[in-house]
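K.L.:
Build me a model:
(chains A, B and C)
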Amino acid sequence: MRRPGERRWWPWAFLAPGLLVYGAFVFLPILDTLRYSFFRWDGLTPPVPVGLDNYLRALGDPIFLKSAANNLLLTFWFSLLPIALGLLVTSLIARSGLPGTRIFRSAVYLPQVLSLVVVAVVWRWLYSPAFGPLNQLLEGLGLGQLARPWLGDFELALPAVGVIGTWYEFGFVTVLMLAGIQKIDESLYEAARLDGASAWQQFRHVTLPGLRNEITVALVFTLIAAFRVFDLIFVLTRGGPGEQTSVLSYLIYRSAFQRNEVGYAAAMAVLLTLIVLAISALIVRRREAAAEAAA
Amino acid sequence: MAAAPRSTVVIVLIGALVATACGFGASGSPTPGSPSVTPQGSPPSGSPSAAPATLLVWDQEVRNAITPVLDQLNDEFEAAHPGVTIERQSKSFEDLKATVKLALQDANGPDVTQINQGRPDMGAAVQAGSLLALDDYAARYGWDKRWGPAVNARNSFSDDGKQFGTGSLYGASLTGEIVGLFYNKEKLTALGLQPPATFAEFEQQLAMIKGKGEVPIAFGNTGGDAIQIYGSILETLVDRAWLDDFIFGRGGRSFDTPETRLAAEKLLEFSEKGYFTRGYEGISYDDAWKLFAGGKGVYFWTGSWIGGDLVQTAGEKFGFLRTPPQQAGGSVLTIGGVGLPFAIRKTSTKADLAAEYIDWVTGDRAMELLAKAGVLPSHGAPGAEGTGALQNEMAAAFAEANSKDEVGHYIDWAGPTLYDAITAGLAKVLAKRQTSGDFVKAIDADYQAFLKTLE
Amino acid sequence: MTGRVSASGVRIRRDAPRVTWLQLVGGYLVLGTFAAVALLPILTIWLTGFKTNADLVESFFGLPRAWHWENVAAAWDRGRFGTFLANSLIVVVPVVLGALVLSTLAGYGLARWRFRGQQLVLFVLLLGLMAPMEAVIIPLYYDMRAIGLLNTYAALILPQVGLSVAFGSWWMRAFFLSAPGELLDAAAVDGAGPVAALRHVLLPLARPALLTLGVLVFTWTWNEFLLALVLVSDDAVRTLPVGLAFFVGQYSADVPLLAMGATIVSLPIVLVFLVFQGSLIRGIVGGAVRG
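P.N.:
Now for the predicted structure:
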């Protein structure tokens, strides 16, 4: 690609400013997190090297395990459910080509641009058993026995946070799917119909394979979101009741900045990063394998 | 075209970018509009200590009744110290707890801040070396006479932060605090009840109130407030020696005792019998007090910090009593003492001014304004007598507990992680996810692990 | 667009089966329901911001009986939202500009040349794209403390530029790679160096990609929470989301005041979205799938 007269360092000249800022304020800190994780450090006194102790502690810490499990459960609400709903809505409406689809697209996407703190304020009120609309609505409908303390309920707190995640991610997923389905060749559906394929078979054998790219992207982004969730928990529950809504990001924040267990927090942050990277790699790998198999 | 001139362009471009980026950082103290310099033409300062300065003060006095008191105190302080600006930043108790230790380690952090007593906050901050010992100022301003030794012990740590209740003084408090039972007078009278004399009578009343279809106790637990009810019940069961030892980390006490279990069982029993506001698990403290003030609840089991707001809402409607003793007329410990103390960041360059400010904000004038606002003052002062019935009842309860040496402690002060552990644990007990036995064992394990670090 | 306007005025896809009334009604029912679920909570909170507590007792979802504009002033003063809004703007503008310039340069460098270490650079950038903020924030806090940048705008701007560059470099690289090769070659034939090619040929073409990137970075920066929570403790530098979070703690029972706070935080970003929604959604669809 290098053209005559161009120097070897040209690309680096273009890259340097960006890499400088990125390196200093993102990449080096990531490496430092890894380094910190091998020390016991309170942020003040000299750090003490402890080898893998912090990692062993995390793997034996019931709160860490509980939080990781909560993140895992949230993937259903942040990722699988929105994708399922997105696929459903998309396959129901996209091919009928209803006018107004663009307005719909913008409407469902809107939650995505909001600060999660705003989202938390909205839902905190909706869920409030004392003054919120949800329970009063239920009671008004004569369903008072369904009223719950939602975010304070041991069983329902995590699903209640999860529903917010579904609400938030649905638009992003649907926008991807809507765009993807437009690209599927209509003749594929026609051929399927000629073969006598039912609506479900058309979905299964034409729509799903056609949306493979979009589903992969949606999976990667929403799964990462489920493991990164912090703002919602900080404003809504601070991990409560008990540790029912504790998630890794909140646990890391609390350990690092409220309890001065810097090394331990760093080890948990490394573990969280590894989980996120592993999930992304797995999805992309599977997608590539599937693409090869199809080719 | 030759490459050389172009590369110069690139380098200049990069240089410009880096310079712009850094320019935002180099501006240093980013407090637009906060005058750290006296405006020109202002009168010369009257008092010698009044050099132009901005004092950054954090507090958690956000409740309606008390927040104007601090504003007024700040205004008066500024008026007496030309050139001095008080930059007040208030946040909720929970948010203060979440951020203050970090902020104290920051060279741009607050000069003066309120910080919760006990191991989790003040102890940790002392251990981190981020608070200034106030002994010299205490002597200069007579704080040792303003409050008794028992009060000052609550704001004291050894300089390594390991011994609680002794050593240097690290804070001075504005408000007095006592945790007890607010009650709705009309409702109690309508039910034909008197304030209970014993805990057993209190329990009978709760059953009866519930039977009449009223909410016995207004309660919201999203902020972990079960800890106040649990602590209140516990302190009717234990003696002074055990509590003091446990709190100050002396004598190797255990938290796994029949009393700690019984208190947890009682809390669960109250919940199961429906004595608390329905859905309390999802109701915040603020919602609970709004419910109580609005007549939804006969009792409200909380601290005097809410008293000012109740006084200002409808003071004549509510009464206050200490959590009743197990035996009639018997001795009983009541959680309380003084409110969150004001402390000074060790690295503050304005320590003298900060100390003068703390003296002012906890002095006689402050007590007078507090009393006017219906808030319980931390010490007696001329003009600081209460004006309404509720206020007088709180003040009387506070005075009685003090004079009988029956002021207890907040149990979470005993260890740096106990606040989180106890609030989370009680939520589990209430949801029947943990037995009272497992709860006290878990708390004891947390506590013993902490005691080990002191050795 | 693959559709066309039919005689009846209903846009349908070529060769698609005839749309029955049932499908039409059903389709709109589905669209309407999901759109309502997405929008109602937001619209309700905006309306609630103009109510009083008494109005709320009467009806949660109706229009306010009278518009209580004084709530704006109350939130503005008591919540210090004026300061927070200014701070958010002071942070977001340099981040967007910085990210756009640095990402363009880096993306161009990555797209135009093939060089030793390129894969490593791409991977290193990808790491920053994927890693959760928690993996960055702990050392960042201690570094910022060491160089005295805590409680400054720089503490919020610089890491955010860094994070945006990780994404932006990939983004702009993808754009430049997709640009017709002959444009580069034509520029090269004309004797234009890389800088001239970038400036005169590619940048004008890159406008949509830059616009989308700018809106994305704006959104992320505007909504950023953890950095602002940890690196700034002083109200005077605090940005809107953290300001709102603490406001919740202080006025947790005053629903209209909270709602007004949420309105002040959300309106600017919603306006940005409404203006740029077309390019944003197109960009996300194109970029995300391509990336």
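K.L.:
going forward, measure contacts and count neighbours with C-alpha atoms only.
P.N.:
OK.
K.L.:
who in the stretch 151-300 of chain B is up against chain A?
P.N.:
B:221, B:222, B:279, B:280, B:281, B:282, B:283, B:287, B:288, B:291 (CA under 8 Å from any CA of the partner chain).
K.L.:
Can you read off the pLDDT for the closest residue to the second one other than its chain neighbours?
P.N.:
Counting by CA to CA, 6 or more residues apart in numbering or on different chains, the nearest residue to residue B:222 once its immediate chain neighbours are dropped is residue B:284, at 5.0 Å. In this model, residue B:284 is scored at 90, pLDDT.
K.L.:
circling back to that earlier point, can I get the residues of the stretch 151-300 of chain B next to chain A in CSV with neighbour count and distance to residue A:106?
P.N.:
What follows is these, written out as CSV (neighbours: other CA atoms under 10 Å in any protein chain shown; distance: CA to CA, whole Å):
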residue, neighbour count, distance to residue A:106
B:221, 22, 39
B:222, 25, 35
B:279, 20, 37
B:280, 24, 38
B:281, 28, 37
B:282, 27, 33
B:283, 25, 34
B:287, 22, 36
B:288, 23, 39
B:291, 19, 40
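K.L.:
who touches whichever residue of the stretch 101-250 of chain C sits closest to chain A in this structure?
P.N.:
The nearest approach of the stretch 101-250 of chain C to chain A comes at residue C:162, 3.9 Å away (CA to the nearest CA). Listed by CA atoms under 8 Å, 6 or more residues apart in numbering or on different chains, the contact set of residue C:162 reads A:18, A:19, A:21, A:22, A:23, A:25, A:26, C:99.
K.L.:
Distance-wise, check residue A:143 relative to residue A:135.
P.N.:
Separation of residue A:143 from residue A:135 (CA to CA, to the nearest Å): 9 Å.
K.L.:
Just want the phi and psi numbers for residue C:203.
P.N.:
phi -60, psi -40 (degrees, to the nearest 10).
K.L.:
Show me which helix runs longest in the chain.
P.N.:
Reading this off chain A. When chain A is parsed with DSSP state H, its longest helix is helix A:262-294.
K.L.:
You answered for a different chain; I wanted chain C.
P.N.:
Once chain C is assigned using DSSP H, the helix that runs over the most residues is helix C:255-290.
K.L.:
and that one with chain B, contact?
P.N.:
No. Using CA under 8 Å from any CA, we find that helix C:255-290 stays clear of chain B, coming within 10.3 Å at best.
K.L.:
tell me which residues in that helix are buried?
P.N.:
Buried residues in helix C:255-290, counting neighbours by 16 or more other CA atoms under 10 Å in any protein chain shown, are found at C:255-266, C:269-270, C:273, C:277, C:279-285, C:287-289.
K.L.:
the strands in the stretch 1-150 of chain C, which residues?
P.N.:
For the stretch 1-150 of chain C, the strands defined by DSSP state E, counting those that start in this stretch cover C:3-5, C:11-13.
K.L.:
what's the average pLDDT for the last one?
P.N.:
So that's strand C:11-13. So the average pLDDT for strand C:11-13 ends up being 46.
K.L.:
distance between stretch B:165-178 and the chain's centre?
P.N.:
11 Å (CA atoms, centre = their mean, to the nearest Å).
K.L.:
pLDDT averaged over it, what's the number?
P.N.:
94.
K.L.:
Most proximal residue of the stretch 51-200 of chain A with respect to chain B?
P.N.:
In the stretch 51-200 of chain A, the residue that lies nearest chain B is residue A:152 (3.9 Å; CA to the nearest CA).
K.L.:
Enumerate every residue touching that residue.
P.N.:
Neighbour list for residue A:152: A:240, A:241, B:221, B:222, B:279, B:280, B:281, B:282, B:283 [criterion: CA under 8 Å, 6+ apart].
K.L.:
Quick check: residue C:75 touching residue C:255?
P.N.:
No. The criterion here is CA atoms under 8 Å, and residue C:75 misses it with residue C:255 at 11.4 Å.
K.L.:
near chain C, which residues of the stretch 101-250 of chain A show up?
P.N.:
Residues of the stretch 101-250 of chain A lying near chain C (CA under 8 Å from any CA): A:101, A:104, A:106-111, A:113-118, A:121-123, A:125, A:133, A:167, A:175-176, A:179, A:182, A:186, A:213-214, A:217, A:224, A:228, A:230-231, A:235, A:249.
K.L.:
what's the pLDDT at the one residue sitting closest to the centre of chain A?
P.N.:
For chain A, the residue nearest the mean C-alpha position is residue A:225 (1.9 Å; CA atoms, centre = their mean). We have a pLDDT of 92 for residue A:225.
K.L.:
leaving aside the residues next to it on the chain, what's closest to it?
P.N.:
Nearest one to residue A:225, counting by CA to CA, 6+ apart, is residue A:78 at 7.2 Å.
K.L.:
Tell me the secondary structure at that neighbour.
P.N.:
State at residue A:78, reduced to three classes by DSSP: H, G, I helix; E, B strand; the rest coil: helix.
K.L.:
how deep is it tucked in, by neighbour count?
P.N.:
31 (other CA atoms under 10 Å in any protein chain shown).
K.L.:
Wait, it touches residue A:165, no?
P.N.:
Yes. The pair residue A:78 and residue A:165 qualifies as a contact (CA under 8 Å) at a distance of 4.8 Å.
K.L.:
which residues do these two both contact?
P.N.:
If you check residue A:78 and residue A:165 against CA under 8 Å, 6+ apart, no residue is contacted by both.
K.L.:
still on that earlier bit, so of the residues of the stretch 101-250 of chain A next to chain C, which ones are in helices?
P.N.:
Among those, the residues falling in helices (DSSP H) are A:101, A:104, A:106-111, A:113, A:116-118, A:121-123, A:125, A:133, A:167, A:175-176, A:179, A:182, A:186, A:213-214, A:217, A:224, A:228, A:231, A:235, A:249.
K.L.:
Mind checking if stretch B:433-453 is in reach of chain A?
P.N.:
No. Stretch B:433-453 stays clear of chain A (CA under 8 Å from any CA), getting no nearer than 8.6 Å.
K.L.:
List the buried residues of that stretch.
P.N.:
Those would be B:434-437, B:439-444, B:446-448, B:450-451, for stretch B:433-453 by 16+ other CA under 10 Å.
K.L.:
Now intersect the residues you listed with the helices, please.
P.N.:
B:436-437, B:439-444, B:446-448, B:450-451.
K.L.:
closest to chain C among those?
P.N.:
Scanning those for proximity to chain C, where the rule is CA to the nearest CA, the winner is residue B:450, at 24.2 Å.
K.L.:
Need the nearest residue in space to the closest one, chain neighbours excluded.
P.N.:
Counting by CA to CA, 6+ apart, residue B:450 lies nearest to residue B:415, which is 6.5 Å off, once chain neighbours are set aside.
K.L.:
show me what contacts the one you found?
P.N.:
Counted by CA under 8 Å, 6+ apart, residue B:415 has contacts B:118, B:119, B:120, B:247, B:447, B:450.
K.L.:
any residue of the helix or strand encompassing residue B:292 up close to chain C?
P.N.:
Assigned by DSSP states H and E, residue B:292 belongs to helix B:285-293. Yes. Interface with chain C: helix B:285-293 contributes B:286, B:287, B:290 (CA under 8 Å from any CA).
K.L.:
Residue C:253 is in contact with the first one, correct?
P.N.:
Yes. With contact defined as CA under 8 Å, residue B:286 counts as touching residue C:253 (5.4 Å).
K.L.:
low-scoring stretches of the chain, by residue?
P.N.:
No chain in the question, so chain A it is. A:1-6, A:94-97, A:294-295 (pLDDT under 70).
K.L.:
if you could check chain C rather than the one you did, that'd help
P.N.:
Scanning chain C for pLDDT under 70 picks out the ranges C:1-19, C:181-192, C:286-291.
K.L.:
Quick check, the residue in it closest to chain B?
P.N.:
residue C:154 (4.4 Å).
K.L.:
How many neighbouring residues does that residue have?
P.N.:
Applying other CA under 10 Å, we find 24 residues neighbouring residue C:154.
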